[in-house]
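**Q** okay, predicted coordinates and the sequence, questions at the end:
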Protein chains: 2
Amino acid sequence: MKKLINDPRAVVGDTVRGLASAHPDLVTVHRDPLFVTRAVGPAHGRVALVSGGGSGHEPLHAGFVGLGMLDAAVPGAVFTSPTPDQIIAATQAVDGGAGVIHIVKNYTGDVLNFETAGELCEAEGIEVRTVLVNDDVAVEDSLYTAGRRGVAGTVLVEKIVGAAAERGDSIDAVEKLGRKVVENVRSMGLALAPCTVPHAGKPSFELAEDEIEIGIGIHGEPGRRRVGLEPADALTEHLVTPVLDDLHVVAGDRVLLFVNGMGGTPLSELYIVFGRAAELVAERGATVERSLVGNYVTSLEMQGCSVTVLRLDDELAELWDAPVLTPALRWGV
Amino acid sequence: MKKLINDPRAVVGDTVRGLASAHPDLVTVHRDPLFVTRAVGPAHGRVALVSGGGSGHEPLHAGFVGLGMLDAAVPGAVFTSPTPDQIIAATQAVDGGAGVIHIVKNYTGDVLNFETAGELCEAEGIEVRTVLVNDDVAVEDSLYTAGRRGVAGTVLVEKIVGAAAERGDSIDAVEKLGRKVVENVRSMGLALAPCTVPHAGKPSFELAEDEIEIGIGIHGEPGRRRVGLEPADALTEHLVTPVLDDLHVVAGDRVLLFVNGMGGTPLSELYIVFGRAAELVAERGATVERSLVGNYVTSLEMQGCSVTVLRLDDELAELWDAPVLTPALRWGV
């Protein structure tokens, strides 16, 4: 196992140390328990957003803490849910009196621990709501998940919901918007090669030299099927068609198209996938009005990508365009 | 060879097609010969910047075309210099009457082809100057290079020089600034695993399971030496110490610290390297005033990273902070 790490047990701590060191103007790391907040807080008088989950998906979630997006992120161990005490501490730290929204990817451990934490915070008088992200159309009921998994669409939820919280929308309005984004976003991924969890020391699954896994999860969970070494255009179609079908994208629809790298795939290949994906959207008569291409929801050094489509309306497009200033996404400020 | 590509001969064309499809508001692709310009141009009344080189280093250079940075980028085949006719066409397309600066990484082929193109443009009445980037302290005279190689520091040159050109500085001033940035920037990289050039179909070099190459070039050129599987903190020191020594960083210096991924290394590992690199800068009594962490000058899917240090003064810091709006760097607008 070749990695730029010190000790497998120190990976998460060392990563957030570096994040805080690179962006002291944006984020602050809190320890015992571990969570990351904006450098300036709490969210006086407005709704605060907290997200979190297993580490290994960087820049998700700590890279999205900052103006116009999250107030706090709670990193668990690699591919392991954060504990309730981390979530409680983060929620308490950022609550500004207008309530806190938990944005949770649909994995059983995450759901349970955020639920436990939310109940304890409510008992202490903090109003907590949950927006559950389950955008992966590949499979129902997978390893770690009942229902659909939450994957790259989470970034779009955090960005858009964050913009609404930043402008001062009520907790009811922010929660309702979160559900609207979730209803309008779908994703699917593929892997060319697996990743290795540091403390495991060996690849999380195996793929033959001539195999590609279609519908992979962001922890290497099984997908729909394996195919051979097909051209990028054909592989892209295996992702885009189920996504567009499931979202019922029709002529006249406006969409945000997001090609996400899994961590070990070069940007050039992500752009090749984007080019074909955009053509497939256009072939349905829909219009790509916004785009995002890069490594935003990764699986350590996994080779592969996912395609996410979000159906836009004026409200969602405006919130997408709103200023954001975080370590991993920044524009308009 | 597992890659998200269609045909090895189509990689560059498919990549820029995707780039243009994702960012039609920012860049325009021109073909026969191939080059990429801002969507709006030419550079009426101000100095224009053109850069380029072999492909495979994305987002360099086409990802840095836009407001506050490049006017045009000229992509060659993978790891192959662009041809003079491409460079001439790009230079002619963006010239706005105040002259054109070519930003060239120090590789023999790039230097020759930009020189040939520059002379032909001069003969046609376009004033052309060249800023040569040679920031890699690892080795003198490497494969493809006489002198030092140009590597990740190129991004910092393009950003800072771009800001000066954007605000309307004269060609003399912009050229002089370019030389100042080059004099104050140094880099060094390492590789954990090689990359595979698509049309070659096999890895560009070999590393044993317990070997790491210190001082690697961005085309997999040999470095200084090979070491075993050391912790990230020790590996970081192998890069940072020669960089700080060569740049003569002393107590009181202000620096921009840039940890660049080679394409196949996850962001979490780059932040681990950044955390240690920042400590080493602090141990010299110098201050990290600006930072950049991510995949900006890559080598396809190579696993590894480089560390770049730029000595700052008020002028360079101000130009670094100036607005930039490109596919790969955007802030302040």
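**A** Looks like it came in fine.
**Q** quick one, strands of the stretch 201-333 of chain A?
**A** With DSSP state E, counting those that start in this stretch, the ranges of strands along the stretch 201-333 of chain A come out as A:212-214, A:225-227, A:254-261, A:287-294, A:303-312, A:324-325, A:330-331.
**Q** and the contacts of the first one?
**A** For strand A:212-214, the external contacting residues (C-beta atoms under 8 Å, 6 or more residues apart in numbering or on different chains) are A:138, A:188, A:190-192, A:205, A:207, A:222-230, A:235, A:238-239, A:304, B:2. Quick note: C-beta positions are derived from backbone N, CA and C, even for glycine.
**Q** make it 7 Å
**A** Under the criterion C-beta atoms under 7 Å, 6 or more residues apart in numbering or on different chains, residues A:190, A:191, A:192, A:207, A:223, A:224, A:225, A:226, A:227, A:229, A:235, A:238 lie in contact with strand A:212-214.
**Q** show the buried residues in these.
**A** A:190, A:191, A:192, A:207, A:223, A:224, A:226, A:235, A:238 (16 or more other C-beta atoms under 10 Å in any protein chain shown).
**Q** about what we covered before: can I get the strands of the stretch 201-333 of chain A in TSV with mean pLDDT?
**A** Output for the strands of the stretch 201-333 of chain A, formatted as TSV (pLDDT from 0 to 100):
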stretch	mean pLDDT
strand A:212-214	97
strand A:225-227	96
strand A:254-261	98
strand A:287-294	98
strand A:303-312	98
strand A:324-325	97
strand A:330-331	94
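**Q** just say which of these is most tucked in.
**A** strand A:303-312 (a mean of 27; mean count of other C-beta atoms under 10 Å in any protein chain shown).
**Q** now do that strand against strand A:287-294, angle only.
**A** Interaxial angle of strand A:303-312 relative to strand A:287-294 (axes from the mean of the first three to the mean of the last three C-alpha atoms, to 10 degrees): 150 degrees.
**Q** my guess is residue A:217 contacts residue A:141. True?
**A** No - shown here, residue A:217 and residue A:141 do not form a contact pair, counting by C-beta atoms under 7 Å, at 11.7 Å.
**Q** who has more neighbours out of the two?
**A** residue A:217 (24 against 9; other C-beta atoms under 10 Å in any protein chain shown).
**Q** need the pLDDT of that one.
**A** Residue A:217 carries a pLDDT value of 95.
**Q** kindly report the same for residue A:139.
**A** pLDDT, residue A:139: 91.
**Q** do residue A:23 as well
**A** Reading off the model, residue A:23 has pLDDT 98.
**Q** for the one 4 residues further on, same thing?
**A** According to the per-residue confidence, residue A:27 scores 98 in pLDDT.
**Q** check residue A:4 too.
**A** Taking residue A:4 on its own, its pLDDT is 97.
**Q** pipe the strands of the stretch 201-333 of chain A into JSON lines and attach distance to residue B:293 per row.
**A** Listed next are these as JSON lines, based on distance: least, C-beta to C-beta, whole Å:
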{"stretch": "strand A:212-214", "distance to residue B:293": "29"}
{"stretch": "strand A:225-227", "distance to residue B:293": "35"}
{"stretch": "strand A:254-261", "distance to residue B:293": "16"}
{"stretch": "strand A:287-294", "distance to residue B:293": "13"}
{"stretch": "strand A:303-312", "distance to residue B:293": "21"}
{"stretch": "strand A:324-325", "distance to residue B:293": "16"}
{"stretch": "strand A:330-331", "distance to residue B:293": "13"}
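**Q** mind listing which of the buried ones among the contacts of strand A:212-214 are in helices?
**A** A:235, A:238 (DSSP state H).
**Q** show me which of the buried ones among the contacts of strand A:212-214 neighbour chain B.
**A** Among those, the residues lying close to chain B (C-beta under 7 Å from any C-beta of the partner chain) are A:192, A:235.
**Q** which one of the buried ones among the contacts of strand A:212-214 is nearest chain B?
**A** Nearest to chain B out of the buried ones among the contacts of strand A:212-214 is residue A:192 (C-beta to the nearest C-beta; 4.3 Å).
**Q** what residues does the stretch 51-200 of chain A put near chain B?
**A** A:58, A:59, A:192, A:193.
**Q** show the backbone phi and psi for the closest residue to the second one other than its chain neighbours.
**A** Right, the one you point to is residue A:59. Nearest residue to residue A:59, sequence neighbours excluded (C-beta to C-beta, 6 or more residues apart in numbering or on different chains): residue A:328, at 3.5 Å. The phi and psi values for residue A:328, taken as degrees, to the nearest 10, are phi -110, psi -20.
**Q** same deal with residue A:183?
**A** phi -70, psi -20.
**Q** model confidence score at it, please.
**A** So, for residue A:183, pLDDT stands at 98.
**Q** do the one 3 residues further on as well
**A** The model reports residue A:186 with a pLDDT of 98.
**Q** now do residue A:280
**A** Reported pLDDT for residue A:280: 98.
**Q** same check on residue A:146?
**A** You'll see residue A:146 listed with a pLDDT of 87.
**Q** among the residues of the stretch 51-200 of chain A next to chain B, which are in strands?
**A** The strands, defined by DSSP state E, take in A:192, A:193 from those.
**Q** could you export the residues of the stretch 51-200 of chain A next to chain B as CSV, including pLDDT?
**A** Output for those, formatted as CSV (pLDDT from 0 to 100):
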residue, pLDDT
A:58, 98
A:59, 98
A:192, 97
A:193, 96
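**Q** what does the stretch 201-333 of chain A put close to chain B?
**A** Contact residues (C-beta under 7 Å from any C-beta) of the stretch 201-333 of chain A with chain B: A:229, A:231-233, A:235, A:263-269, A:271-275, A:278, A:291, A:293, A:295, A:298, A:300-301, A:303, A:305, A:330-331.
**Q** what do you get if the cut-off is 6 Å, keeping everything else the same?
**A** Taking C-beta under 6 Å from any C-beta of the partner chain as the contact definition, the stretch 201-333 of chain A meets chain B at A:231-233, A:263-264, A:266-269, A:271-275, A:278, A:291, A:293, A:298, A:300-301, A:330-331.
**Q** ramachandran angles for the closest residue to residue A:217 other than its chain neighbours?
**A** Of all residues not flanking residue A:217 in the chain, residue A:149 sits nearest, at 5.3 Å (C-beta to C-beta, 6+ apart). Dihedral pair for residue A:149: phi -80, psi 150, per degrees, to the nearest 10.
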